[in-house]
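**Student:** Quick one, structure for this:
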Amino acid sequence: MVTNPPHGVRLKGNRDLRSLYIRLGRVLRAKCPGWNAAILCGNDSLLDLSGIQFDRRFPMQSGGLRVTLATGKIG
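**Tutor:** Next up, the predicted model:
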């Protein structure tokens with residue numbers, strides 16, 4: 001599963017996004033256990049809220065923004 005969910009740069013603050021990442025992690029753990037995941041995000045604390053244990057994190061730029069591509073297996 002590969003996704004690039006909102007991560008706050010074009011939105012006002014991370015307050016609303018915290019629940020999005022928590023729910024994303026819950027849904028993926030419930031519906032996709034054992035799948036590989038890759039999430040592109042500009043905020044590592046949002047990635048951590050997903051509850052997914054990422055094996056690798058690749059810092060990069062996307063559209064001039066500093067982002068991280070985090071990959072791992074969904075538990």
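**Student:** secondary structure element for the nearest residue to residue 3 once chain neighbours are set aside?
**Tutor:** Counting by C-beta to C-beta, 6 or more residues apart in numbering, residue 3 lies nearest to residue 39, which is 5.6 Å off, once chain neighbours are set aside. The C-beta positions use only the backbone N, C-alpha and C, and glycine is treated the same way. Using DSSP states H and E, residue 39 sits within strand 36-41.
**Student:** Please enumerate the strands of the chain.
**Tutor:** Remark: strands assigned in the chain by DSSP state E are 2-3, 36-41, 56-62, 65-73.
**Student:** Can you tell me what sits against stretch 58-74?
**Tutor:** 1, 7, 9, 28-29, 32-42, 44, 47, 52-57 (C-beta atoms under 8 Å, 6 or more residues apart in numbering).
**Student:** gap between the two ends of that stretch?
**Tutor:** Taking C-alpha to C-alpha, to the nearest Å as the measure, stretch 58-74 stretches 18 Å from start to finish.
**Student:** Can you list the buried residues in that stretch?
**Tutor:** Within stretch 58-74, the residues scored as buried using 16 or more other C-beta atoms under 10 Å are 67, 68, 69, 70, 72, 74.
**Student:** what's the closest of these to residue 21?
**Tutor:** Within those, proximity to residue 21 (C-beta to C-beta) peaks at residue 70, which comes in at 11.4 Å.
**Student:** Disregarding flanking residues, what is the spatial nearest neighbour of the closest one?
**Tutor:** Leaving aside its sequence neighbours, residue 70 sits nearest to residue 54 (C-beta to C-beta, 6+ apart; 4.0 Å).
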